[in-house]
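Asker: make a model of this:
(chains A and B)
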Amino acid sequence: MAEDRLPKQSENFSEWYNQLILKSELADYAPVRGCMVVRPYGWALWENIQKALDTRFKKTGHVNAAFPLLIPMSFLEKEKEHVEGFAPELAIVTIGGGEKLEEPLVVRPTSETIIGYMYSKWIKSYRDLPILINQWANVVRWEMRTRLFLRTLEFYWQEGHTAHETAQEAEDETLKILNLYTDFAINEAAVPVIPGIKSDAEKFAGAQRSYTIEAMMLDTKALQSGTSHNLGQNFAKAFDIQYLDRNNEQQYAWTTSWGVSTRFVGAIIMTHGDDQGLILPPKLAPSQIVIVPIFRNDEEKEKVMTMVGEVENALNQFRIKVDNRENLTPGFKFNDWEMRGVPLRIEIGPKDVANQNVVVSQRDIPGKAGKLFLPMVDLAKNIEKLLNDLQDRLLKKATEFRDSHIFEPKNFNEFKEVIVNGWAYSYWCGDASCENSIKDETKATTRCRPLGQEKTSGTCIYCGKPADYKTYFARSY
RNA sequence: CGGGGUGUAGCGCAGUUGGCCAGCGCACCGCGUUUGGGACGCGGGGGUCGGCGGUUCAAGUCCGCCCACCCCGACCA
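Answerer: Numbering: from 1, shown residues only, chains lettered A, B, ... in the order given. Here you go, the predicted model:
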């Protein structure tokens, strides 16, 4: 068995990322350019993400439904900004059943339009509001430049679509979801994110306001990891979503939409991974624990496997896997599971049978330093603590990394220096021209203006005009 | 769509001035010995050499066209 190492993060981060996904069997390239196959290990991770989000959606009163993949072209055209934003990346079906179609059908790039159409049918009165629907779906956007999980032609996501009586309710919903996403990212994925508002240039095509959670990857690039849009009455007017209000007058509804995609898998990979491979947060890892049995002969095997069974049983509350592949050495398995990011590894050999303890190795602490002996007594309780501690350490480490790479440059020259290896938190006057110039000169875009920021007075990092708020700038995925 | 690169076994590659049945490492299969940090020996299976056309007695090898994918840019969850 030959060593087949990953490139080092420090030497070639993007190759590290690509190869790790293939080797750890999260995903593979499909025969169509830009499309990916999410393999069982990757899908299991996505399913855990889905569960964590879906539970939160349900708790806040949302319900799931399914809307069609194909949308009449004319629907897209009803909202001006929306069609302008999406036109370049549409896949369009022109032939069906061997016949040219009267009207082309668009493979959904997102579902605001078709859901808007349905909402206009369903909503008659204020009594029908709010309507809070989510769907788990795939969407297609014809991207020029693709990257596994981060940007593929087809990707999987959830898209929530809600309609409300008042502007305030819609805004409350938009922010409620942003907070929900923030809570999910931090407390389930241990991905520290900064919630904030997007600039006009970066907002969703057709939205009044877009909010985002922004995460810093280990190469210091920013990754937009979830978005929540207040659509105002834009789509309600385009699709005639009207209701009779409490004063018996016709009103347009106020709508929102929000989504998290399989891109989030990329966020997890690039937030926690190291040169050895993935490090998955215990709360989302497909396997939280892997047991590697060690033995030299049948006699030892029998004793060891008996104990493996006992341990597996004692830990059945966790997602646990026994690696009983017989043709591989323990050493190989150690490296293999480390590459796949399993948080805890339990090693059980003849010595452990004799001592009635197990060796536990913690994925985020390399080598011997991360290994400890645990007695069989209270094993589950101790393992639970180790998983929780590991989860906490991941969040702490990622947060410290992020905070140590956010700078507040004093002038634009300094800005250009820090942006190469970090984010800049700077005053910005809000003019699109400054935003554009900064992008042209540094490749950095505005990421968001964080929520809850107090108004202060400063000067724009680019033009020097007065500015009231600071904005995060970064190179991004 | 512009610039660059690569197509030979599942993966990574070699294949000289064109020349015999197209090779190597890993992976895979069989047997045996191994197994506490990426095991070893022996024996096997696996190829329209990206496609089409041309030059030639003879083409992975030379020529032309096409296709695909990867990397770097413009657009984007």
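Asker: all contacts plus neighbour counts: C-alpha atoms, from now on.
Answerer: Noted.
Asker: I'd like to know how many residues surround the closest residue to RNA strand B within the stretch 351-477 of chain A.
Answerer: Residue nearest to RNA strand B within the stretch 351-477 of chain A: residue A:351 (3.4 Å; C-alpha to the nearest atom of the strand). Burial of residue A:351 is recorded as 15 neighbouring residues (other C-alpha atoms under 10 Å).
Asker: and if you look at residue A:120?
Answerer: 19.
Asker: equivalent analysis for residue A:97, please.
Answerer: Neighbour count of residue A:97, defined by other C-alpha under 10 Å: 6.
Asker: residue A:15 now?
Answerer: 14.
Asker: and it, how far from RNA strand B?
Answerer: Counting by C-alpha to the nearest atom of the strand, to the nearest Å, the gap from residue A:15 to RNA strand B is 8 Å.
Asker: again with residue A:330
Answerer: 5 Å.
Asker: you'd agree that residue is up against residue A:295?
Answerer: No: in this structure, residue A:330 is not within contact of residue A:295 by C-alpha atoms under 8 Å, at 9.2 Å.
Asker: in which helix or strand does the residue of chain A most remote from its centre reside?
Answerer: Distance from the C-alpha centroid of chain A peaks at residue A:299, with 47.3 Å (C-alpha atoms, centre = their mean). Using DSSP states H and E, the element containing residue A:299 is helix A:298-314.
Asker: so what's residue A:407 bridging to?
Answerer: Counting by DSSP bridges, residue A:407 forms beta bridges with residue A:424.
Asker: so who does it touch?
Answerer: A:418, A:422-425 (C-alpha atoms under 8 Å, 6 or more residues apart in numbering).
Asker: which member of these is positioned nearest residue A:321?
Answerer: residue A:422 (38.4 Å; C-alpha to C-alpha).
Asker: near RNA strand B, which residues of the stretch 1-150 of chain A?
Answerer: A:1-6, A:14, A:29, A:31-34, A:85, A:88, A:141, A:143-147, A:149-150 (C-alpha under 7 Å from any atom of the strand).
Asker: what about the residues you listed, which are in helices?
Answerer: Of these, the ones assigned to helices by DSSP state H are A:14, A:85.
Asker: pull out the buried residues from the residues of the stretch 1-150 of chain A next to RNA strand B.
Answerer: A:6, A:14, A:34, A:141, A:147, A:149-150 (16 or more other C-alpha atoms under 10 Å).
Asker: reformat the residues you listed as a markdown table; add pLDDT.
Answerer: As requested, these are exported to a markdown table (pLDDT from 0 to 100):
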| residue | pLDDT |
| --- | --- |
| A:6 | 80 |
| A:14 | 82 |
| A:34 | 80 |
| A:141 | 89 |
| A:147 | 85 |
| A:149 | 90 |
| A:150 | 89 |
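Asker: between the residues you listed, which is nearest residue A:108?
Answerer: With C-alpha to C-alpha as the yardstick, the closest approach to residue A:108 among those comes from residue A:141, at 8.1 Å.
Asker: these two touch, right, that closest one and residue A:89?
Answerer: Yes: using C-alpha under 8 Å as the test, residue A:141 is close enough to residue A:89 to be in contact (5.1 Å).
Asker: helices of the stretch 251-400 of chain A, start to end?
Answerer: Remark: helices assigned in the stretch 251-400 of chain A by DSSP state H, counting those that start in this stretch are A:263-272, A:298-314, A:330-339, A:350-355, A:379-403.
Asker: can I get those helices in a markdown table with mean pLDDT?
Answerer: Shown next, in a markdown table, are the helices of the stretch 251-400 of chain A (pLDDT from 0 to 100):
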| stretch | mean pLDDT |
| --- | --- |
| helix A:263-272 | 94 |
| helix A:298-314 | 95 |
| helix A:330-339 | 94 |
| helix A:350-355 | 96 |
| helix A:379-403 | 98 |
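Asker: make CSV out of these and add distance to residue A:452.
Answerer: Compiled in CSV, the helices of the stretch 251-400 of chain A are given as follows (distance: least, C-alpha to C-alpha, whole Å):
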stretch, distance to residue A:452
helix A:263-272, 24
helix A:298-314, 46
helix A:330-339, 39
helix A:350-355, 53
helix A:379-403, 18
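Asker: nearest to residue A:212, out of those?
Answerer: helix A:263-272 (12.9 Å).
Asker: for the closest one, the distance to its chain's centre please.
Answerer: Distance of helix A:263-272 from the chain centroid (C-alpha atoms, centre = their mean, to the nearest Å) equals 7 Å.
Asker: let's test this: mean pLDDT of stretch A:179-198, rounded?
Answerer: In this model, stretch A:179-198 has a mean pLDDT of 97.
Asker: ends of it, how far apart?
Answerer: End-to-end distance for stretch A:179-198: 15 Å, by C-alpha to C-alpha, to the nearest Å.
Asker: near RNA strand B at all, that stretch?
Answerer: No: residues of stretch A:179-198 are not located near RNA strand B by C-alpha under 7 Å from any atom of the strand, the shortest gap being 10.2 Å.
Asker: residues contacting that stretch, please?
Answerer: A:52-53, A:56, A:178, A:209-216, A:226, A:267-268, A:271, A:281, A:283-284, A:391-392, A:394-395, A:398-399, A:446-451.
Asker: among the residues you listed, name the buried ones.
Answerer: A:52-53, A:56, A:178, A:209-216, A:226, A:267-268, A:271, A:281, A:283-284, A:391-392, A:394-395, A:398-399, A:446-450.
Asker: the helix or strand of chain A with the lowest mean pLDDT - contacts with which helices or strands?
Answerer: Using mean pLDDT, DSSP states H and E, the weakest-scoring helix or strand in chain A turns out to be strand A:27-29, at a mean of 82. Judged by 3 or more C-alpha pairs under 8 Å, 6 or more residues apart in numbering; DSSP states H and E, strand A:27-29 is in contact with helix A:13-23, strand A:36-38.
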